[in-house]
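Enquirer: Okay, predicted coordinates and the sequence, questions at the end:
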There are 2 protein chains.
Amino acid sequence: MTTRSKSTASEKTTSFQGQKAAQQRQTRDKILAAATRVFADYPYHSASIRMIGKAAAVDHPLINYYFPTKAALFEEVLKNETEKYYLANISWFAGLAELSPAKGLSLYIDRFFGFALKNRAALRIITLNLVQAENAMIIPGYKRIQGFFSRTAQTFMQAIPLQGSKREIKMFTTNFNTLAINYLGADTYYAGIMGMEPGSRRYLKWVKENLMYVFLPQLKQIVGGQGPG
Amino acid sequence: MTTRSKSTASEKTTSFQGQKAAQQRQTRDKILAAATRVFADYPYHSASIRMIGKAAAVDHPLINYYFPTKAALFEEVLKNETEKYYLANISWFAGLAELSPAKGLSLYIDRFFGFALKNRAALRIITLNLVQAENAMIIPGYKRIQGFFSRTAQTFMQAIPLQGSKREIKMFTTNFNTLAINYLGADTYYAGIMGMEPGSRRYLKWVKENLMYVFLPQLKQIVGGQGPG
DNA sequence: AGCAGATTTTAACGACCGGTAAAATCTGCT
DNA sequence: AGCAGATTTTACCGGTCGTTAAAATCTGCT
């Protein structure tokens, strides 16, 4: 694709053991990164191998050299992003057990937002592919997207001492995640409705206010005597 | 496409004024109905004219005879469905002003569910096309989808005497609609998470319980002294 | 320098897409 | 019966899709 600089003698002499492997991993990672960007902007069936190739500055058949199929590439991206989210989600609970529900929830949301702003891809890929078409055109890794919610519920239960029933807790986390993911993952849409700019401080403030307003009472009910968010 | 029964003499004699126009409207409606079904299953860019043709048992170029472009067809479907929803939404408020918040909200949700079960398309089309890709591939009628939420907020304010600020009310309706549309429009996904059957009584019960649990306290705050849902 | 294998590029495949043009058919009318 | 116009079917256009095969290039090694 790009006119490659012919290797000179000097380059050759500087070569060391493992450079080839490093180079290979570099290309693969470049493709993976580009795929993550593209899949964060287009749902699976609208994103194309050629788009990804262009985004990675690579001829598109090279993608098939590193990844057998588009589905396999998507699944790897999805696995990376959901895993990243899962680990981040665990970290957001650190130290929350000692706070009041109000302060705990507030801090949790702040941490959530911090992650979401730096890792657009994770939330976007979920929102873009969550709503599914008929069984005919299921999305690869669909179960992984579904598992997403269940895992956050488990994390919640392990991180915070709770009173409510398991059913109640799953209801709470599902509601929270559904609203949060919609507002952050489909920010263009919802900010548009509210007459705000998608990434703006004002919009984020609105989302937080919203989440606090809706979920603080529910949280107080779930948490034992004093507790977290 | 289908082998057409050659018109016989008897058929000719029974023809009356307006039959041709009726026949034309019939084909157009058949296409429109098929398009509604297809667009309720696939997002705009995944649905195809050929799919719709097959669903309507019609050769696909015939669609272009009645609708100039795919975009125009989609916009007409979208207009019909959002209008249907809008009018239904108004009717759900009838008689609610005299009820308590709890009874009012419960009845409102029941009416909502009744509509959603009979008119899958309206909610599905919205959920499938709400989350947007980059500006590059905007969906025709996107503003109409966005207007959807604003109109329900207005209906709410006109139907029920309220106390809260306009901002608060819009927050309430946006939250409610977002959750309700997700749970009903993407029922395959959420029912799957909860280990239930998408259309089942059990799942609908869960959704209603959920909505009541989240929004009843918020509603009580918005409604004046006594009030509706 | 020249070989072997890894990597990249080029070219092409069959399938589907939205849309168009022209041929075929049907319909209502004289 | 035969014409005119509406409707439907057939054939095709240029374009994009995922994937494959083969050619070209690069790399590390002797």
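Expert: In hand now; what should we look at?
Enquirer: who touches the nearest residue to residue A:164 once chain neighbours are set aside in this structure?
Expert: Leaving aside its sequence neighbours, residue A:164 sits nearest to residue A:222 (C-beta to C-beta, 6 or more residues apart in numbering or on different chains; 4.1 Å). To be clear about C-beta, it is placed using only N, CA and C from the backbone, and glycine gets the same treatment. Contacts here follow C-beta atoms under 8 Å, 6 or more residues apart in numbering or on different chains; on that basis residue A:222 touches A:162-164, A:168-169, A:172.
Enquirer: before we move on, what about residue A:204?
Expert: residue A:113.
Enquirer: Pop the domain breakdown of chain A in here.
Expert: Annotated domains of chain A cover A:14-67, A:71-222 [automatic domain parsing].
Enquirer: So for the longest one, first residue to last residue, what's the gap.
Expert: In domain A:71-222, first residue to last residue: 40 Å (C-alpha to C-alpha, to the nearest Å).
Enquirer: what about that domain and DNA strand D, any contact?
Expert: Yes: Domain A:71-222 comes into contact with DNA strand D (C-beta under 7 Å from any atom of the strand), by way of residue A:71.
Enquirer: Can you give the distance from that domain to the centre of its chain?
Expert: 9 Å (C-alpha atoms, centre = their mean, to the nearest Å).
Enquirer: just the strands in chain A please.
Expert: Assigned strands in chain A: none (criterion: DSSP state E).
Enquirer: how many other residues sit next to residue A:103?
Expert: 13 (other C-beta atoms under 10 Å in any protein chain shown).
Enquirer: my bad, residue A:197
Expert: Once other C-beta under 10 Å is used to define contacts, residue A:197 is seen to have 13 neighbours.
Enquirer: can you check residue A:91 too?
Expert: Neighbours of residue A:91 using other C-beta under 10 Å come to 11.
Enquirer: Tell me the spacing between the most centrally placed residue in chain A and DNA strand C.
Expert: Nearest to the mean C-alpha position of chain A, by C-alpha atoms, centre = their mean, lies residue A:122 at 1.4 Å. Remark: distance between residue A:122 and DNA strand C (C-beta to the nearest atom of the strand, to the nearest Å) = 27 Å.
Enquirer: so what's that residue up against?
Expert: By C-beta under 8 Å, 6+ apart, the contact list for residue A:122 reads A:81-82, A:84-85, A:115-116.
Enquirer: And residue A:180, by the same measure?
Expert: So residue A:180 contacts A:112, A:207, A:211 (C-beta under 8 Å, 6+ apart).
Enquirer: Tell me the spacing between it and residue A:92.
Expert: 12 Å (C-beta to C-beta, to the nearest Å).
Enquirer: again, but for residue A:65
Expert: Counting by C-beta to C-beta, the gap from residue A:65 to residue A:92 is 38 Å.
Enquirer: The two: which is more packed in?
Expert: The residue with more neighbours, out of residue A:65 and residue A:92, is residue A:92; 19 against 12, by other C-beta under 10 Å.
Enquirer: Correct me if wrong: that one contacts residue A:116.
Expert: No: in this structure residue A:92 lies outside contact range of residue A:116 using C-beta atoms under 8 Å: 11.0 Å.
Enquirer: which pair in the contacts of residue A:222 spans the largest distance?
Expert: Largest separation among those by C-beta to C-beta: A:163 and A:172, giving 11.7 Å.
Enquirer: Quick one: the helices in chain A, in order.
Expert: Taking DSSP state H as the test, the helices found in chain A are A:9-14, A:19-39, A:49-56, A:60-66, A:70-91, A:101-118, A:120-130, A:142-159, A:166-185, A:187-194, A:201-222.
Enquirer: From the contact counts, what lies against the third one?
Expert: In this structure, helix A:49-56 packs against helix A:19-39, helix A:60-66, with contacts taken as 3 or more C-beta pairs under 8 Å, 6 or more residues apart in numbering or on different chains; DSSP states H and E.
Enquirer: Mean pLDDT lowest where, among those helices?
Expert: Ranked on mean pLDDT, the bottom entry among the helices and strands packed on helix A:49-56 is helix A:19-39, at a mean of 84.
Enquirer: can you tell me how far residue A:158 sits from DNA strand C?
Expert: 42 Å.
Enquirer: how many neighbours does that residue have?
Expert: 11.
Enquirer: One more: the one 4 residues further on?
Expert: Other residues within reach of residue A:162, judged by other C-beta under 10 Å, total 19.
Enquirer: Just to check, it is in contact with residue A:221?
Expert: No: applying C-beta under 8 Å as the test, residue A:162 and residue A:221 come out as separate, 10.3 Å apart.
Enquirer: Dump the contacts of residue A:122 to a markdown table, plus neighbour count.
Expert: Formatted as a markdown table, those follow (neighbours: other C-beta atoms under 10 Å in any protein chain shown):
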| residue | neighbour count |
| --- | --- |
| A:81 | 22 |
| A:82 | 19 |
| A:84 | 14 |
| A:85 | 21 |
| A:115 | 18 |
| A:116 | 22 |
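Enquirer: For chain A, which residues are neighbours of chain B?
Expert: A:41-43, A:45-46, A:127-128, A:130-134, A:137, A:145-146, A:149-150, A:170-171, A:174-175, A:178-179, A:182-183, A:185-186, A:188-190, A:192-194, A:206, A:209-210, A:213-214, A:217-218 (C-beta under 8 Å from any C-beta of the partner chain).
Enquirer: Are any of the residues you listed buried, and if so which?
Expert: The neighbour count (16 or more other C-beta atoms under 10 Å in any protein chain shown) marks A:41-43, A:46, A:127-128, A:130-133, A:145-146, A:149, A:170-171, A:174-175, A:178-179, A:182-183, A:185-186, A:188-190, A:192-194, A:206, A:210, A:213-214, A:218 as buried among the residues of chain A next to chain B.
Enquirer: Can you pull out the low-pLDDT segments for chain A?
Expert: Chain A contains residues with pLDDT under 70 at A:1-24, A:133-137, A:225-229.
Enquirer: Quick check: the gap between the closest residue to residue A:71 other than its chain neighbours and residue A:73.
Expert: Counting by C-beta to C-beta, 6+ apart, residue A:71 lies nearest to residue A:140, which is 4.0 Å off, once chain neighbours are set aside. With the distance defined as C-beta to C-beta, residue A:140 ends up 9 Å from residue A:73.
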